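A.B. asks: next input, structure requested:
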Amino acid sequence: SGFDIDENALTDITPVSISRDYTHWLPGLYGRYMPSEKFALRASVTRTIARPSFRDISPYRNINENQNRIQSGNPDLQPYESDNFDLTIDFLIPKIGALQAGVFYKEIDNFIVDATRDITFGGDPNFVEETKINGDIAKLFGIELAWRNQFSWLPAPLETLQFEANYTWTSSEATIPDRDDTLRLPDQAEHTLKASLSYEIGKWSFSVSLDYRSHRLDELVRPGFDIFDSEELQIDLSVDYTLSRALSLSIGLRNLTGFDEYTYFGDEDRLGRSWDNSWVGNIGLRWKL
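C.D. replies: From the prediction side, this is the model:
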């Protein structure tokens, strides 16, 4: 439920109510083969959905007359549907640790994406509307690699060292209604990397983490001028000191590199918004009752 606003008299509003229901058949087939405790092969074929949020489907309009911009919901949004094919291999190798490699493929209908379009509102042709729409069809292929190791076999004082990393590469194609071009799947970065290293000695514990993703499509405007997010790189550091069984001191530093972010329109020469990020520090006490 919401309200419809008269374009020519913004103080005139009319209550509106929209209702819809749907049914989905979501089968899943899973298989696992484990010839030993150090090797496992897993495969699955599934169908899944993701429903739009209540705000996205609510019939609302947020009108900014000063900037000629309108934010609106879209009651016609359909759930995101995906047929998924996954294959994963796990290895456990002494001293090397746990290794995992996987491939996945998804065929997606009705994916949801942010869209910006020029409209006429109240007789003014210079308004811009921001809303969410359903795409047509998308195909996503990816490879995921992971490594985790606890170096308990190292001599003291290195036996508490732990490392974990996960890398994902994806390739995707997507089509949008009323557009002839082929796009990457929105919000899907080609490269994603997460890694962390931790260490404990006595009452001290240290950890450093890295989080990276490459450029990604953020919002649809028109061919050649869609909005992209720049790559992101964040490195965090944390230190904890145990004062007693119940009390500990923690110190954290986020975004040590001060990595800046920006958006661009189709090409990095056409810059949009930018954020000058700096590092952030925090300090606190943790008390366990």
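
A.B. asks: leaving out chain neighbours, which residue sits closest to the spatially most central residue of the chain?
C.D. replies: Nearest residue to the geometric centre of the chain (CA atoms, centre = their mean): Asp187, 6.4 Å. Counting by CB to CB, 6 or more residues apart in numbering, Asp187 lies nearest to Arg216, which is 5.9 Å off, once chain neighbours are set aside. (C-beta placed from N, C-alpha, C; glycine too.)

A.B. asks: pLDDT weak spots in this structure?
C.D. replies: Residues of the chain meeting the criterion pLDDT under 70: 6-10.

A.B. asks: report the beta-bridge partners for Ile13.
C.D. replies: Note on Ile13: beta-bridge partners Ile5, judged by DSSP bridges.

A.B. asks: hang on, it packs against Phe3?
C.D. replies: Yes. Using CB atoms under 8 Å, Ile13 is in contact with Phe3, at 4.4 Å.

A.B. asks: returning to what we had before: quick one, phi psi at the residue nearest to the centre of the chain?
C.D. replies: The phi and psi values for Asp187, taken as degrees, to the nearest 10, are phi 60, psi 10.

A.B. asks: next up, the contacts around it.
C.D. replies: Asp187 makes contact with 113, 216-218, according to CB atoms under 8 Å, 6 or more residues apart in numbering.

A.B. asks: for those, give me a markdown table that also has neighbour count, distance to Tyr80 and secondary structure.
C.D. replies: Converted to a markdown table, those look like this (neighbours: other CB atoms under 10 Å; distance: CB to CB, whole Å; DSSP: H, G, I helix; E, B strand; the rest coil):
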| residue | neighbour count | distance to Tyr80 | secondary structure |
| --- | --- | --- | --- |
| Val113 | 20 | 10 | strand |
| Arg216 | 18 | 17 | strand |
| Leu217 | 20 | 16 | strand |
| Asp218 | 17 | 17 | strand |
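
A.B. asks: neighbours around the closest residue to Asp276 other than its chain neighbours, how many?
C.D. replies: Ranked by CB to CB, 6+ apart and with sequence neighbours excluded, the top spatial neighbour of Asp276 is Asp260, at 5.5 Å. Asp260 has 14 neighbours, counted by other CB atoms under 10 Å.

A.B. asks: cool, Asp136 as well?
C.D. replies: Neighbours of Asp136 (other CB under 10 Å): 14.

A.B. asks: can you confirm Arg55 is in a helix?
C.D. replies: Yes. Arg55 forms part of a helix when assessed by DSSP: H, G, I helix; E, B strand; the rest coil.

A.B. asks: widest-spaced pair of the contacts of Asp187?
C.D. replies: Greatest spacing in the contacts of Asp187, by CB to CB: Val113 and Arg216 (11.5 Å).

A.B. asks: any idea how far apart the tips of stretch 4-18 sit?
C.D. replies: From its first residue to its last, stretch 4-18 covers 12 Å (CA to CA, to the nearest Å).

A.B. asks: now do the strands in the stretch 151-289 of the chain.
C.D. replies: For the stretch 151-289 of the chain, the strands defined by DSSP state E, counting those that start in this stretch occupy 162-174, 191-201, 204-213, 216-220, 227-229, 232-242, 247-254, 261-265, 271-275, 280-287.

A.B. asks: of all those strands, which lies closest to Phe104?
C.D. replies: Across the strands of the stretch 151-289 of the chain, Phe104 has its closest neighbour in strand 162-174 (8.8 Å, CB to CB).

A.B. asks: quick one: that closest one to strand 216-220, angle?
C.D. replies: Orientation of strand 162-174 against strand 216-220 (axes from the mean of the first three to the mean of the last three CA atoms, to 10 degrees) gives an angle of 40 degrees.

A.B. asks: which parts of strand 162-174 count as buried, going by neighbours?
C.D. replies: 162, 164, 168, 170, 172, 174 (16 or more other CB atoms under 10 Å).

A.B. asks: and it, what does it pack onto?
C.D. replies: Contacts defined by 3 or more CB pairs under 8 Å, 6 or more residues apart in numbering; DSSP states H and E place strand 162-174 against strand 137-150, strand 191-201.

A.B. asks: tabulate these (JSON lines), appending mean neighbour count.
C.D. replies: As requested, those are exported to JSON lines (neighbours: other CB atoms under 10 Å):
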{"stretch": "strand 137-150", "mean neighbour count": "16"}
{"stretch": "strand 191-201", "mean neighbour count": "16"}
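
A.B. asks: and the strands in the stretch 1-150 of the chain, which stretches?
C.D. replies: 2-6, 9-16, 28-36, 39-50, 61-64, 69-72, 80-93, 97-109, 112-121, 124-134, 137-150.

A.B. asks: fine, thanks again, bye for now.
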